[in-house]
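A.B. asks: Quick check, what structure comes out for this input:
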Amino acid sequence: MSSPDFGISPSIIHGDTADVYFHRSMEVLRQENMNPTVVMEFFANRPGVLCGIEEVKVLLHKVLPEENTEVWALEEGNTIDRKEVVLRVKARYVPLGLYETAICGMLASSTGWATAAAEIVDSAGGPPEKGGIPVVSFGARHVHPNVAAIADYAAVTGGCVSCSTNLGAKLAEVSATGTMPHALVLIFGDTVRAMQSFDKHMPFEVARTALVDTFKDEAEESLLVARALRDRLRGIRLDTAAERGGVTPELVHEIRARLDMEGFHHVNIWVSGGLTPERIARFRELESPITGFGVGSYISGAPPNDFTADIHEVDGRPIAKRGRIPGITPNPRLNRVL
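C.D. replies: Residues are numbered from 1 along each chain as shown. A predicted model of the protein is given here:
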């Protein structure tokens, strides 16, 4: 199976994002005509859900020669332990050393996002195929656009069923998911009019899910849209502002009851807005009839899971810095990938 097309930027390939001391080290070694074969191992400093391996594979394929190069790795999405070796590279130090910064960064950020997504999915009851409530990543707006797709990809790796950006969905090989923004409702000045126009112009395969917290009471707005679209309405999304108390389990129960009383049993209820594992667990504890969650900042704002790179062999000789054990670190879970 080929890796997704991560589109590694020229600045990364050229080493522009590397720490400057690696550039200086490359120059010293070139001047001394030294370029040993090293074994470099990468491990995380806390447990998590591994992500970033596929992107690293793409990078290494582009920058390392095939001859005398070996890359061993765990699989994307594996649960990892603290200090478990997740990646081992055997190659000439030049140019491998120039990419230590990028490799650590790719693994750290993506593993942080994937781990946070897994925490959210666990709080929602696990994957949908095991009875959990689906979670969609809405985190793109909370990170720089250069990494938004990677964050979405990592969220899906961590268990989200989809994400909100087209590029993230392409990387994760899922379909992008979204409803409608408050901006569209505000421009139309009326939720029903906005949803009717959305229904008129969007392709059949796009789910008709109305955002119902812009102008009126959420329960009232839900009924107005349901009466207007009838069977064409797939669902409603609650994203009530924190200034109004946010979405509560009681609100979800009320809207479900009012929709059912008018025969709109088919209308799903999605909830978004400042969701955390604790809030989701509370919705589940109170058996709130929720079809899915849209989660943004908890995932995209997750701290990186710091990764460390160590050299453990130089030209076949076991070696390590103080505090580490010289020689290759055993990990039977590693598989050769390049």
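
A.B. asks: per-residue confidence for the residue nearest to Gly327 when sequence neighbours are not counted?
C.D. replies: Once flanking residues are discounted, Gly327 sits nearest to Pro318: 3.5 Å by Cβ to Cβ, 6 or more residues apart in numbering. Heads up, the C-betas are built off the backbone N, CA and C, glycines and all. pLDDT recorded at Pro318 is 98.

A.B. asks: do the same with Met1
C.D. replies: For Met1, pLDDT reads 52.

A.B. asks: Okay, the residue nearest to Gly327 and Asp231: tell me how far apart.
C.D. replies: Here Pro318 is placed at a distance of 69 Å from Asp231 (Cβ to Cβ, to the nearest Å).

A.B. asks: related to what we said a few turns ago, how close does the residue nearest to Gly327 get to Gln31?
C.D. replies: For Pro318, the distance to Gln31 - Cβ to Cβ - is 27 Å.

A.B. asks: now the helices for the stretch 151-300 of the chain?
C.D. replies: For the stretch 151-300 of the chain, the helices defined by DSSP state H, counting those that start in this stretch cover 166-172, 182-188, 191-201, 218-229, 249-261, 277-285, 297-300.

A.B. asks: Send me the fourth one as PDB with only the CA atoms.
C.D. replies: In other words, helix 218-229. Coordinates of each C-alpha in helix 218-229 appear next as PDB, following Å, rounded to 0.1, in the frame of the first residue of the first chain:
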ATOM      1  CA  GLU A 218     -32.800  25.900  19.000                       C
ATOM      2  CA  ALA A 219     -35.900  23.700  19.400                       C
ATOM      3  CA  GLU A 220     -38.100  26.200  17.500                       C
ATOM      4  CA  GLU A 221     -35.500  26.600  14.700                       C
ATOM      5  CA  SER A 222     -35.200  22.800  14.400                       C
ATOM      6  CA  LEU A 223     -38.900  22.400  13.900                       C
ATOM      7  CA  LEU A 224     -39.100  25.300  11.400                       C
ATOM      8  CA  VAL A 225     -36.400  23.700   9.200                       C
ATOM      9  CA  ALA A 226     -37.800  20.200   9.600                       C
ATOM     10  CA  ARG A 227     -41.300  21.400   8.500                       C
ATOM     11  CA  ALA A 228     -39.700  23.200   5.500                       C
ATOM     12  CA  LEU A 229     -37.500  20.400   4.200                       C
END
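
A.B. asks: Now do that helix: distance to the chain's middle.
C.D. replies: From the chain centre to the centre of helix 218-229 is a distance of 33 Å (Cα atoms, centre = their mean, to the nearest Å).

A.B. asks: which parts of that helix are buried?
C.D. replies: Using 16 or more other Cβ atoms under 10 Å as the test for burial, helix 218-229 gives Glu218, Ala219, Glu221, Ser222, Leu223, Leu224, Val225, Ala226, Ala228, Leu229.

A.B. asks: which ones are touching the second one?
C.D. replies: Applying Cβ atoms under 8 Å, 6 or more residues apart in numbering, one finds that Ala219 lies in contact with Leu251, Glu254, Ile255, Arg258.

A.B. asks: remind me which residues of this protein are low pLDDT?
C.D. replies: 1-2 (pLDDT under 70).

A.B. asks: Could you pull out the strands in it for me?
C.D. replies: In the chain, the segments counted as strands under DSSP state E are 37-44, 48-49, 70-73, 79-80, 85-92, 135-137, 162-163, 209-211, 235-238, 268-272, 292-295, 307-314, 317-318, 335-336.

A.B. asks: So what's the gap between the fifth one and the chain middle?
C.D. replies: Spelled out, it's strand 85-92. 24 Å.

A.B. asks: same thing with the first one?
C.D. replies: Here strand 37-44 is found 25 Å from its chain centre; the criterion is Cα atoms, centre = their mean.

A.B. asks: Give me the residues contacting that strand.
C.D. replies: Contacts to strand 37-44, defined as Cβ under 8 Å, 6+ apart, come from residues 50, 68, 80, 82-93, 96-97, 100, 103-104, 107-108, 111, 305-316, 328-329.

A.B. asks: Would you mind listing which of the residues you listed are buried?
C.D. replies: By 16+ other Cβ under 10 Å, those give 50, 80, 84-93, 96-97, 100, 103-104, 107-108, 111, 305, 307, 309-313, 329 as buried.
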